[in-house]
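K.L.:
Turn this into a structure:
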Amino acid sequence: MRRREFITALVGTAISWPLASRAQQPNTPLIGFLNVQSSNGYRAMVAAFRQGLQETGYVEGQNVVIEYRWADGQSDRLPVMVDDLIHRQVAVIAATGTPAALAAKAATKTIPIVFETGGDPIQLGLVASLNRPGGNVTGVTQLNTGLVAKKLEMLHELLPTAKTVALLVNPADPSNTEEQIREAMSAAQMLGLELHVLKASTEEQLDAVFANLGQLRAGGLVVGAEAFFRNHMEQLAALALRHAVPAISNGREFAAAGGLTSYGGSVTSSYHLAGVYTGRVLKGDKPADLPVQQVTKFELYINLKTARALGIAVPLPLSGRADEVIE
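P.N.:
Reported below is the predicted structural model:
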């Protein structure tokens, strides 16, 4: 597909928001919102982002316009999407998710970028320092990749007799994947567990992963922190139920859809803070002067109905720590 044709096709990737948000008045600032996934499942996150913007005085459709770009899981589309946003002379790019953040940083050194990521911004090369980002980039991190060991510990607490577990990662996000594998391997060794690493970056591959779990005799599954998995929480939970696999992921959606448990940094809090920072940049603050924020709210959800179906007795100390026990 030629570049001009591809840019035209981007119209179809914009999320369907009220028409007022699509019409830009003269001198109205324009925000470019970029994400590697599709808009499905991101309503709550985008609402949190808008709330953060509103707290700084910007209301979409009134005094600010947002151009949404969703890559539908195809990371190779991100560079062209960023190029389109730059061509539209956006005042700031809100790059949500690690792939979008990396694509935006690679594309411009002048337009301000506010990222939202679950990874370590320094290791990812997004900023030189959390306190002094430097350059045109700052943002928010959930540090969910650093929670893989904690998830493994919780799964072991739920399944004390299991000797073999699996970790699911997305090979399409190599920097994030490698970090999570290293962390999980170290934690598994300390817990005396055998760890199998399984990979998936498409819906079809997810089906194959769960079919393979039985052959590996894995007693449980840790779902890595990754935008693709977040976008397929319901499918992951349904597969875990169908194959009777005790699984832990991040995000309430997973436990609410039937997954055993979930733990991680609050994604909505992360998007909310990104919205606040985007508004501050519009007001004149420079990214280099805005320290990277870290989400301090972590959420634990346990589905007791699923636990009973799997024959798992949830320890009282663990259920007592839960933000919500779903029955």
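K.L.:
what does stretch 82-91 contact?
P.N.:
By C-beta atoms under 8 Å, 6 or more residues apart in numbering, the residues outside stretch 82-91 that reach it are 7, 10, 29-32, 34, 67, 69, 93, 103-104, 107-108, 111-112, 281-282. All C-beta spots, glycine's among them, are computed from the backbone N, C-alpha and C.
K.L.:
How about residue 133, nearest residue that isn't a chain neighbour?
P.N.:
Closest residue in space to residue 133, ignoring its immediate chain neighbours: residue 127 at 3.9 Å, by C-beta to C-beta, 6 or more residues apart in numbering.
K.L.:
The one you found and residue 173: what is the separation?
P.N.:
Using C-beta to C-beta, to the nearest Å, residue 127 is found at 18 Å from residue 173.
K.L.:
Okay, and which of the contacts of stretch 82-91 map to helices?
P.N.:
Judged by DSSP state H, helices contain the following of the contacts of stretch 82-91: 7, 103, 104, 107, 281, 282.
K.L.:
May I see these arranged in TSV, with neighbour count as well?
P.N.:
What follows is the ones in helices among the contacts of stretch 82-91, written out as TSV (neighbours: other C-beta atoms under 10 Å):
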residue	neighbour count
7	15
103	24
104	28
107	20
281	25
282	20
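K.L.:
could those residues go into JSON lines alongside distance to residue 299?
P.N.:
Formatted as JSON lines, the ones in helices among the contacts of stretch 82-91 follow (distance: C-beta to C-beta, whole Å):
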{"residue": "7", "distance to residue 299": "39"}
{"residue": "103", "distance to residue 299": "28"}
{"residue": "104", "distance to residue 299": "27"}
{"residue": "107", "distance to residue 299": "33"}
{"residue": "281", "distance to residue 299": "28"}
{"residue": "282", "distance to residue 299": "29"}
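K.L.:
now, which of those sits nearest residue 134?
P.N.:
Among these, residue 281 lies closest to residue 134 (C-beta to C-beta), at 14.9 Å.
K.L.:
can you give me the helices in the stretch 151-300 of the chain?
P.N.:
174-191, 203-216, 227-230, 233-242, 252-256, 267-282 (DSSP state H, counting those that start in this stretch).
K.L.:
For residue 151, find the nearest of the ones you listed.
P.N.:
Proximity to residue 151, assessed across these by C-beta to C-beta, is greatest for helix 174-191 (8.6 Å).
K.L.:
one step back: least confident of the ones in helices among the contacts of stretch 82-91?
P.N.:
In terms of pLDDT, residue 7 ranks lowest among these, with 44.
K.L.:
And the residue most central in space within the chain, how far from residue 59?
P.N.:
When C-alpha atoms, centre = their mean is applied to the chain, the residue found nearest the centroid is residue 227 (4.1 Å). For residue 227, the distance to residue 59 equals 27 Å [C-beta to C-beta].
K.L.:
Also residue 122?
P.N.:
In terms of C-beta to C-beta, residue 122 sits 34 Å off from residue 59.
K.L.:
Show me the shaky parts of this protein.
P.N.:
1-26, 144-146 (pLDDT under 70).
K.L.:
Walking through it, point out its strands one by one.
P.N.:
30-35, 65-70, 92-96, 113-117, 137-141, 164-169, 194-199, 220-223, 247-249, 261-265, 293-294, 298-303, 324-326 (DSSP state E).
K.L.:
now these in JSON lines, with mean neighbour count?
P.N.:
Formatted as JSON lines, these follow (neighbours: other C-beta under 10 Å):
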{"stretch": "strand 30-35", "mean neighbour count": "24"}
{"stretch": "strand 65-70", "mean neighbour count": "22"}
{"stretch": "strand 92-96", "mean neighbour count": "29"}
{"stretch": "strand 113-117", "mean neighbour count": "29"}
{"stretch": "strand 137-141", "mean neighbour count": "27"}
{"stretch": "strand 164-169", "mean neighbour count": "23"}
{"stretch": "strand 194-199", "mean neighbour count": "17"}
{"stretch": "strand 220-223", "mean neighbour count": "26"}
{"stretch": "strand 247-249", "mean neighbour count": "29"}
{"stretch": "strand 261-265", "mean neighbour count": "27"}
{"stretch": "strand 293-294", "mean neighbour count": "16"}
{"stretch": "strand 298-303", "mean neighbour count": "22"}
{"stretch": "strand 324-326", "mean neighbour count": "17"}
